[in-house]
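> this one's sequence-less:
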């Protein structure tokens, strides 16, 4: 896991965005298969990020929809 994190951190900002776009379908599948567990694990992290950066859940949903439409 640490190696993956290091590799991700070594990417340029543009490469990080491209990587995130490519993994969104896998994340969506994981959410569909393990929704309750993921909500329990990630809610505090997501809530903190949203509050910290002033991002609304509507903005997150819009981003996910945009990524999804680009990957189809």
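On my side now, so go ahead. Computed from a predicted model, the values in this text were never measured in an experiment. Numbers count the residues shown, from 1 in each chain.
> quick one: low-confidence ranges for this protein?
70-72 (pLDDT under 70).
> go again with 80.
Low-confidence segments of the chain (pLDDT under 80): 39, 57, 64, 67-72.
> for the residue nearest to residue 20 when sequence neighbours are not counted, give me its contacts.
In this structure, residue 20 finds its nearest non-sequential neighbour in residue 67, 7.7 Å apart by C-beta to C-beta, 6 or more residues apart in numbering. Placement of C-beta: from N, CA and C, glycine included. For residue 67, the contacting residues are 20, 21, 24, by C-beta atoms under 8 Å, 6 or more residues apart in numbering.
> ok, the second one to residue 43 distance?
The one in question is residue 21. Per C-beta to C-beta, to the nearest Å, residue 21 is found 24 Å from residue 43.
> kindly reformat the contacts of residue 67 as a markdown table containing neighbour count, distance to residue 50 and secondary structure.
As requested, the contacts of residue 67 are arranged in a markdown table below (neighbours: other C-beta atoms under 10 Å; distance: C-beta to C-beta, whole Å; DSSP: H, G, I helix; E, B strand; the rest coil):
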| residue | neighbour count | distance to residue 50 | secondary structure |
| --- | --- | --- | --- |
| 20 | 13 | 17 | helix |
| 21 | 14 | 20 | helix |
| 24 | 17 | 18 | helix |
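> nearest to residue 6, of these?
residue 20 (16.7 Å; C-beta to C-beta).
> so the closest one versus residue 8, what's the distance?
Relative to residue 8, residue 20 is positioned 9 Å away (C-beta to C-beta).
> residue ranges of the helices in the protein, please?
Along the chain, counting by DSSP state H, helices occupy 2-10, 13-33, 35-53, 57-70.
> okay, angle between the third one and helix 57-70 too, please.
What that stands for is helix 35-53. Interaxial angle, helix 35-53 versus helix 57-70 (axes from the mean of the first three to the mean of the last three C-alpha atoms, to 10 degrees): 120 degrees.
> remind me what helix 35-53 packs against, helices and strands.
Judged by 3 or more C-beta pairs under 8 Å, 6 or more residues apart in numbering; DSSP states H and E, helix 35-53 is in contact with helix 57-70.
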